[in-house]
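K.L.:
coords please:
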Amino acid sequence: MAEAVADGPPESAASIRSSHEQLTAALGLDAAAAAPVTALLEELDRVLRGIALTREASPRLQARVMATGELASTRLGEAWLRAGAFRCAGWTPAR
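P.N.:
Numbering: from 1, shown residues only. So this is what the prediction gives:
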């Protein structure tokens, strides 16, 4: 996040996206199943661009950025369970 404040969106954002795309492929999920994760990563990009533009990251924004990886991972887990025909109640955020 310090990178975004100082220099613009960090390289780590691309790394986070790449990691989740690789995990999506490894789990054999299609684009529709991964759509919630794609939306989260797009939101992360927007938030980081905002931080880069304003050069400010409030504690609330920092928490939002830090939670993105966990939210994306749990969404992928839920999609994988559904793709495997497991019954699950659906995804509910812990926040």
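K.L.:
mind listing what's buried in the one helix or strand Ser18 maps to?
P.N.:
Taking DSSP states H and E as the criterion, the element that holds Ser18 is helix 11-26. By neighbour count, and taking 16 or more other CB atoms under 10 Å as the criterion, the buried residues in helix 11-26 are Ala13, Ile16, Arg17, His20, Leu23, Thr24. Yep, even glycine has a C-beta here, placed from its N, CA and C like the rest.
K.L.:
ranges for the helices of this structure?
P.N.:
Listed in chain order, the helices found in the chain under DSSP state H are 2-7, 11-26, 31-54, 59-83.
K.L.:
just to revisit the earlier point, closest one of the buried residues of helix 11-26 to Arg46?
P.N.:
Arg46 lies nearest to Ala13 out of the buried residues of helix 11-26, by CB to CB, at 10.7 Å.
K.L.:
for the closest one, which non-adjacent residue is closest in space?
P.N.:
With CB to CB, 6 or more residues apart in numbering as the measure, Leu48 is the residue that lies nearest to Ala13, at 5.4 Å, once sequence neighbours are left out.
K.L.:
quick one: that neighbour and Ala14 touch, right?
P.N.:
No. Using CB atoms under 8 Å, Leu48 makes no contact with Ala14, being 10.4 Å away.
K.L.:
so what touches stretch 40-47?
P.N.:
By CB atoms under 8 Å, 6 or more residues apart in numbering, the surrounding residues in contact with stretch 40-47 are Pro9, Ala13, Ile16, Arg17, His20, Leu61, Arg64, Val65, Thr68, Leu71, Ala72, Arg75.
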